[in-house]
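Visitor: When you get a sec, could you give me coordinates for this:
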Amino acid sequence: MSTPAKNVAGLFRAPELKEKILFTLFILLIYRLGSHITVPSLDVGALRQQFGALQDTFFGIYDMFVGGGLSRATILALGIMPYISASIMFQLLAAVFPTIEKLQKEGEEGRKKLTQWTRYTTVVLSAAQAYGYSAFLQAIPGAVTDPGSLFTFTTVTTLTVGAIFVMWLGEQITEHGIGNGMSLMIFFSIIQTFPAAIVRTWESFRLGEIGLFSLAALVAVVVAVTAGVVAMTLASRKIPVQIPRKVVGRGRIREGQKSFIPLRINSAGVMPIIFAQSFMVVPGTAAAFVDLGPLNIINEIFAPQTWAYYITYGFLIVFFTYFYTAIIFNPIDLAENLKKQGGFIPGVKPGARTAEYIDRVLTRVTLPGSFYLAGIALTPFWIFDIFNITTFFFGGTSLLIVVGVGLDTVQQAQQHLMLRHYDGFMKKGRVKMRGRQRYM
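Guide: Numbers count the residues shown, from 1 in each chain. Sure, this is the predicted structure:
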C-alpha cells in the first residue's frame, strides 16, 4: 500500500520532476526573503499599530494575500496582486471589447499579445498603488522618519520594481517549475501566517481564554469544512458527448468515441468571495480615513458579526458566482467547437440547442456551488462568534485558495509521474521489439 512518505519519495525519484520542485522551492524562498526587507526611512512598529485597526478593511484583505508584507512595508509589499488584478481586468474587458475576445481565441500569438498587455498594465497599476501606499505611510504619525518627495519617489520606485520582480518570479515558476507561479505565491503567503496563528490559539487555550471543548469542537469543524472544500472543489456534473465514426484520409476510419464535458460545481473558484469582500470592506475602509456621519452609520450597520453583514455578504457571493461564471465560461463557443469536431450530446441537436442545454445545466449546478461558497465564507464568522475566538487562522477565502492551489499542484505532479511511467513503458517496449528482430 502507498503511504504519504512513499508518495513524496516517488516525487523526488523522477529527475525532471525533482528539478522542477527544487526550482519552485528556490524561487519561493527568494520571494519570502524579499518579503522581510522593509523600505528605507520607516518605523515598522508605528505602522503595525495603525494596521491593527485596519484588519477588517481592504488593507487587511490585501495584507493576507501578500503574507503580511503590507503591514511591514517590505520591498515586495504589493506582491503578485497587481498582476492578478490586471489579468482579471482583461478577463472582464473581454466580455465588453470584441478585440480582446478575439485575441483570446487566436491561439498562441493572441495569448502572447495579451500577456504583454497584462504586463504593461501591471506596471501602471503597481506605480499607482505604490504612490497611494506611500501617501498612506506618510499620513501615519511617526511611521516615516524622513517624509517628503524623496521618500515618495524612493518608495514608489522600490515597490514598483518589487512588483515587477514578483511577476517575473511567478512566470519563472509557471515556465520551469511545478504548478502555477502566481497561485503558489499567494498560497505560500497565506500558509506562512498559519504557524503564528496556531501558536496564538494555543496560548489562548493555555491561559484559559479557550476551553478544551471549544478547542476540540473548533478543530473538528475545521477538518470537516476542509474535507467539504476538497469534495466540492473536485465535484462536477458530467455531460455525455458522442463523437461518431468518421472516415479520415484514404479509407482510414476513426472509430466513434464516448466522452463527457465536466461542468464544475464551483467554476468561479475563489473570485466571488474576493469580489464580495472588496465590496463589503468599502464602508469600513472609507470610514477609517474620512469622518462622515452617514458613512459611519453605514459602517456600523454593515459591520462584521451583524445579520445585515451576513445577509448582504452571502447575497453578493451568490451574485458574483453567477457573474464570474458567465464571464469565464461561454456555452456558445463550447457548442461550436463540439459541432466542428462532429460531436454531439445524445438527445440534443447540435448548435444553438446544445448551447442552450449546456447553459441550462450550468445555471443549475452553479446554484449549489454559490450556496457552498457563501457557506464556506460565512462559517468562520459563526464559529468565531460561538467560541469567542479572534486568533485562529481559519478563514473561508484563505481555505479555498490553499485547497484549490494545493490540489492543482498535486494533480500536475501526478501528471508528470504518469508521463514518466508511460515513457518508460514505451522504451521497454521498443527494446523488446529490437531484441525480437535480432533473433528473427
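Visitor: only C-alpha atoms for contact and neighbour calcs from this point on.
Guide: OK.
Visitor: what about the strands in the stretch 51-200 of the chain?
Guide: Per DSSP state E, counting those that start in this stretch, the stretch 51-200 of the chain has no strands. Nothing in it meets that criterion.
Visitor: Low-confidence ranges, it, go.
Guide: The stretch 51-200 of the chain contains residues with pLDDT under 70 at 52-58.
Visitor: just the helices in the stretch 251-400 of the chain please.
Guide: Under the criterion DSSP state H, counting those that start in this stretch, the stretch 251-400 of the chain contains helices at 271-280, 282-289, 293-301, 307-328, 331-340, 352-387, 396-438.
Visitor: Please identify the buried residues of the helix or strand where Gly228 lies?
Guide: For Gly228, the host element (DSSP states H and E) is helix 212-234. Going by neighbour count (16 or more other C-alpha atoms under 10 Å), the buried part of helix 212-234 is 214-215, 218, 222, 225-226, 229-230, 232-233.
Visitor: which of these lies closest to Thr122?
Guide: Thr233 (29.3 Å; C-alpha to C-alpha).
Visitor: Could I get the full set of helices for the stretch 1-150 of the chain?
Guide: Secondary structure of the stretch 1-150 of the chain by DSSP H, counting those that start in this stretch: the helices cover 4-13, 15-34, 44-51, 58-65, 69-72, 81-94, 98-104, 108-139, 149-176.
Visitor: Contacts for the shortest one, please.
Guide: To tie it back to what came earlier, the one meant is helix 69-72. 35-36, 38, 44, 47-48, 51, 59, 62-63, 76-79 (C-alpha atoms under 8 Å, 6 or more residues apart in numbering).
Visitor: and if we set it to 10 Å?
Guide: Applying C-alpha atoms under 10 Å, 6 or more residues apart in numbering, the contact partners of helix 69-72 are 32, 34-39, 42-52, 54-55, 59-60, 62-64, 75-79, 133, 189.
Visitor: and the residues you listed, which are buried?
Guide: Once neighbours are counted (16+ other C-alpha under 10 Å), the buried part of those comes down to 32, 34-36, 38-39, 42-44, 46-48, 51, 54-55, 60, 62-64, 75-79, 133, 189.
Visitor: picking that back up, of all the helices of the stretch 251-400 of the chain, which one comes closest to Ala94?
Guide: Closest among the helices of the stretch 251-400 of the chain, using C-alpha to C-alpha: helix 307-328, at 8.3 Å.
Visitor: ok so, going back, could you dump the helices of the stretch 251-400 of the chain to CSV with distance to Phe194?
Guide: Output for the helices of the stretch 251-400 of the chain, formatted as CSV (distance: least, C-alpha to C-alpha, whole Å):
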stretch, distance to Phe194
helix 271-280, 20
helix 282-289, 25
helix 293-301, 29
helix 307-328, 25
helix 331-340, 40
helix 352-387, 15
helix 396-438, 10
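Visitor: Redo those as CSV? Include mean neighbour count and distance to Ile84.
Guide: Below are those laid out as CSV (neighbours: other C-alpha atoms under 10 Å; distance: least, C-alpha to C-alpha, whole Å):
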stretch, mean neighbour count, distance to Ile84
helix 271-280, 19, 11
helix 282-289, 17, 20
helix 293-301, 14, 28
helix 307-328, 18, 15
helix 331-340, 16, 25
helix 352-387, 18, 21
helix 396-438, 15, 14
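Visitor: what's the closest of the ones you listed to Leu92?
Guide: Among the helices of the stretch 251-400 of the chain, the nearest to Leu92 by C-alpha to C-alpha is helix 307-328 (6.8 Å).
Visitor: Give me whichever of the helices of the stretch 1-150 of the chain is most buried.
Guide: helix 69-72 (a mean of 24; mean count of other C-alpha atoms under 10 Å).
Visitor: residues in contact with Ser370?
Guide: Residues in contact with Ser370 (C-alpha under 10 Å, 6+ apart) are 265-269, 272-273, 314-322, 376.
Visitor: what separates it from Ile265, distance-wise?
Guide: Distance of Ser370 to Ile265, given as C-alpha to C-alpha, to the nearest Å: 8 Å.
Visitor: Likewise for Gly107?
Guide: Taking C-alpha to C-alpha, one finds Gly107 at 27 Å from Ile265.
Visitor: Between those two, which has more neighbouring residues?
Guide: It is Ile265, of Gly107 and Ile265, that has more neighbours when counted by other C-alpha atoms under 10 Å, with 23 against 10.
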